[in-house]
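Student: Build me a structure from this.
(one chain, ligands or ions: 2)
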Amino acid sequence: MSHTHTRENLKIVSLDVKDVRFPTSLHADGSDAMHTDPDYSCAYVTIKIQAGLEGYGLTFTLGRGTEIVVQAVKTLSSMIVGQVVTDIYKEFGTFWRTLTSESQLRWIGPEKGVTHLATAAIINALWDLWGKLVKKPVWQLLADMDPEQLVACIDFRYLSNVITKEEALQMLRKGQVGKEERVNKLLGKGYPCYTTQAGWLGYSNEKINQLAQKYIDLGFDAFKVKVGKNLYEDIKRLEFIRNIIGWERTLMVDANQVWEVQEAIDWMQQLAQFKPLWIEEPTSPDDVLGHAQIARALKPLGIGVATGEMCCNRVLFKQFLQAEALQFCQIDSARIGGVNEILSVYLMAHKLGVKVCPHAGGVGLCEMVQHLQMWDYVALSGTSEGKYVEYIDQQHEHFVYPSIVKNAHYLAPREPGYSTEFKKEALENYVYPNGKEWESMFEKGIFSDPRKNKC
Ligand SMILES: C[C@H](O)[C@@H](O)CC(=O)C(=O)O
Ligand SMILES: [Mg+2]
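Tutor: Ligands and ions are numbered 1, 2, ... in the order given. Sure thing, here's the model as predicted:
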């Protein structure tokens, strides 16, 4: 850490939170069988220290609902402002537990739902700030930590029947072997990804065709398509997409929670002819045993179960892993309690031999999650074999350091921090409801102005 920093100027002096929304529903970007009109949004947190440095963090939302997460961040902020950041980082796992265990707030979680989304936004901002203080991108900050330091970031409460601190330390020590070589490979080639950009449910065949061609030309060999609204239409869509991408490329399908357990099995038996690698979120994201039943039924068809983007915390991930209810673990950078809790999920998945293929998306999800998967490659699992990070081409232009994908690989970020900083213009235009773009859309009648509906 820089010598110019004293204890006094490392004190957190403010925490600001903004409701930022993009009108993606206008073109069905991000649409699926459950979320038919998503406006990709986030609660965007800025943490400032006395020295003037700022850390940015966010949690992903879909429009309405963002204001509730924003309020939860405001409520949690009194536990952040006034802290000295280096005290937080020294025993980050202990701080994380304090934040998630506040005796009155815990009642409305615990460690799930709106308060946990708010926790993720705050924790992600603290990681961005930490990266900036030590002048490293977060993947490198994590990878350079010695195992003891990394384990000190994690709250192992409720996990000891699957993983202990000692086991985590052993795995991380093993992960040190060959690290330099992997860093060099990562810096050279990046980390593989697949795309969902050609597969949103609300897209026309013409648009699917044009986008699938575009991503084939860009070197992508794996594509995810939304299903679950209508079986006949799914069969037609998968026929259509297979005709474009061929049978050598990988296909994944995603139902976004719409089915009953038996319905998922029956539906997927009809779609098995298209050889999907996985069915994602076939049913309720909380139904561990239901997913396990689906996984058992689909295994003979060569279809795995993927889930995690709406998994509420490490305990539920633990149960999914214990019950062999998922074959592809989809951590999401803006859900559960941010980086610290996600690290524990990586450790459990590694111990139980389950591949982590992170969920990503718009509004900074790609920007953040690339760091986590790169750390896993460099310092934990040591392999990217059979793994992908999701890539979606949404809102990158609004970030100061957008994720960069070349030849279907995320290139390793070089700039300090967690790649979470919005450009100034993005905030001027898309803060809701006062941003310039929103004011203009209200004026044109494209969206109704929520301020006018208030009595
Ligand atoms: C509403 C979101 O766009 C959702 O469909 C994303 C998702 O499930 C995925 O990318 O996977
Ligand atoms: Mg999904």
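Student: as a whole number, average confidence for stretch 137-145?
Tutor: For stretch 137-145, the mean per-residue pLDDT is 98.
Student: centre of the chain versus that stretch, how much separation?
Tutor: 18 Å (C-alpha atoms, centre = their mean, to the nearest Å).
Student: Can you pull out the residues in contact with it?
Tutor: Contact with stretch 137-145 is made by 127-128, 130-131, 134, 136, 150, 153, 179, 183, 339, 343, 370-372, 374-375, 378-379, 412-419, as judged by C-beta atoms under 8 Å, 6 or more residues apart in numbering. Placement of C-beta: from N, CA and C, glycine included.
Student: Run a quick neighbour tally on the residue nearest to Lys229 when sequence neighbours are not counted.
Tutor: The shortest distance from Lys229 to any residue other than its chain neighbours is 4.5 Å, reached at Ala33 (C-beta to C-beta, 6 or more residues apart in numbering). For Ala33, the number of neighbouring residues by other C-beta atoms under 10 Å comes to 19.
Student: Give the buried residues for the lengthiest helix in the chain.
Tutor: Longest helix of the chain, by residue count under DSSP state H: helix 113-134. Across helix 113-134, burial judged by 16 or more other C-beta atoms under 10 Å covers 114-134.
Student: Quick one: mark the members of the contacts of stretch 137-145 that sit in strands.
Tutor: Among the contacts of stretch 137-145, no member is found in strands (DSSP state E).
Student: Could you identify the buried members of the residues you listed?
Tutor: The neighbour-count test (16+ other C-beta under 10 Å) marks 127-128, 130-131, 134, 136, 150, 153, 183, 339, 343, 370-372, 374-375, 378-379, 412-413, 416-419 as buried among these.
Student: circling back to that earlier point, packing partners for the longest helix of the chain?
Tutor: strand 12-21, strand 41-49, strand 54-61, helix 66-76, helix 85-90, helix 92-100, helix 138-144, helix 339-351 (3 or more C-beta pairs under 8 Å, 6 or more residues apart in numbering; DSSP states H and E).
Student: Would you convert these into JSON lines that also reports distance to ligand 1?
Tutor: Compiled in JSON lines, the helices and strands packed on helix 113-134 are given as follows (distance: least, C-beta to the nearest ligand atom, whole Å):
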{"stretch": "strand 12-21", "distance to ligand 1": "14"}
{"stretch": "strand 41-49", "distance to ligand 1": "11"}
{"stretch": "strand 54-61", "distance to ligand 1": "9"}
{"stretch": "helix 66-76", "distance to ligand 1": "14"}
{"stretch": "helix 85-90", "distance to ligand 1": "31"}
{"stretch": "helix 92-100", "distance to ligand 1": "25"}
{"stretch": "helix 138-144", "distance to ligand 1": "21"}
{"stretch": "helix 339-351", "distance to ligand 1": "17"}
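Student: Present these as CSV; the columns should include distance to Gly219.
Tutor: Below are the helices and strands packed on helix 113-134 laid out as CSV (distance: least, C-beta to C-beta, whole Å):
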stretch, distance to Gly219
strand 12-21, 31
strand 41-49, 29
strand 54-61, 27
helix 66-76, 35
helix 85-90, 38
helix 92-100, 38
helix 138-144, 22
helix 339-351, 27
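Student: Could you export these to JSON lines, including columns for distance to ligand 2?
Tutor: JSON lines is the format used below for the helices and strands packed on helix 113-134 (distance: least, C-beta to the ion, whole Å):
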{"stretch": "strand 12-21", "distance to ligand 2": "20"}
{"stretch": "strand 41-49", "distance to ligand 2": "17"}
{"stretch": "strand 54-61", "distance to ligand 2": "12"}
{"stretch": "helix 66-76", "distance to ligand 2": "19"}
{"stretch": "helix 85-90", "distance to ligand 2": "32"}
{"stretch": "helix 92-100", "distance to ligand 2": "25"}
{"stretch": "helix 138-144", "distance to ligand 2": "23"}
{"stretch": "helix 339-351", "distance to ligand 2": "16"}
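Student: For Lys224, find the nearest of these.
Tutor: The closest of the helices and strands packed on helix 113-134 to Lys224 is strand 54-61. By C-beta to C-beta, the value is 17.2 Å.
Student: Tell me who's in contact with Ala121.
Tutor: Val17, Cys42, Ala43, Tyr44, Val45, Gly57, Leu58, Thr59, Val69, Val73, Ala334, Gly338.
Student: so what pLDDT did the closest residue to Tyr388 other than its chain neighbours get?
Tutor: Excluding its sequence neighbours, the residue lying closest to Tyr388 (C-beta to C-beta, 6+ apart) is Tyr194, at 4.4 Å. Listed pLDDT for Tyr194 reads 98.
Student: Find the centremost residue of the chain, please.
Tutor: Geometric centre of the chain, nearest residue: Asp332, 2.6 Å, by C-alpha atoms, centre = their mean.
Student: Relative to ligand 1, how far out is that residue?
Tutor: Asp332 sits at a distance of 9 Å from ligand 1 (criterion: C-beta to the nearest ligand atom, to the nearest Å).
Student: Also Glu281?
Tutor: For Glu281, the distance to ligand 1 - C-beta to the nearest ligand atom - is 7 Å.
Student: That residue - how many residues pack around it?
Tutor: Glu281 has 27 nearby residues by other C-beta under 10 Å.
Student: per-residue confidence for it?
Tutor: The per-residue pLDDT of Glu281 was computed as 98.
Student: swap in Arg7?
Tutor: At Arg7, the predicted lDDT confidence score is 86.
Student: How about Leu187?
Tutor: Model confidence at Leu187 (pLDDT) stands at 98.
Student: Which residues of the stretch 101-250 of the chain lie near ligand 1?
Tutor: Residues of the stretch 101-250 of the chain that fall close to ligand 1, judged by C-beta under 6 Å from any ligand atom: Thr196.
Student: Do a quick rundown of the strands in the stretch 351-455 of the chain.
Tutor: Applying DSSP state E, counting those that start in this stretch to the stretch 351-455 of the chain gives strands spanning 355-356, 389-391, 405-406, 409-410.
Student: most tightly surrounded among the ones you listed?
Tutor: Most buried of those, by mean neighbour count (mean count of other C-beta atoms under 10 Å): strand 389-391, with a mean of 27.
Student: Which strands border that one, and is each parallel or antiparallel?
Tutor: Strand 389-391 sits in its sheet next to strand 191-195 (parallel), going by DSSP bridges.
Student: ok now the partner strand, how far from the chain's centre?
Tutor: Centre-to-centre, strand 191-195 and its host chain are 14 Å apart (C-alpha atoms, centre = their mean).
Student: Give the next helix or strand downstream of it.
Tutor: Heading C-terminal from strand 191-195, the first helix or strand you meet, by DSSP states H and E, is helix 205-217.
Student: what's around Gly308, how many residues?
Tutor: With other C-beta under 10 Å as criterion, Gly308 counts 26.
Student: quick one, what contacts the closest residue to it other than its chain neighbours?
Tutor: Nearest in space to Gly308, with sequence neighbours left out and distances taken as C-beta to C-beta, 6+ apart, is Gln330 at 3.4 Å. For Gln330, the contact set (C-beta under 8 Å, 6+ apart) comprises Glu280, Ala306, Thr307, Gly308, Glu309, Cys311, Val356, Cys357, Pro358, His359.
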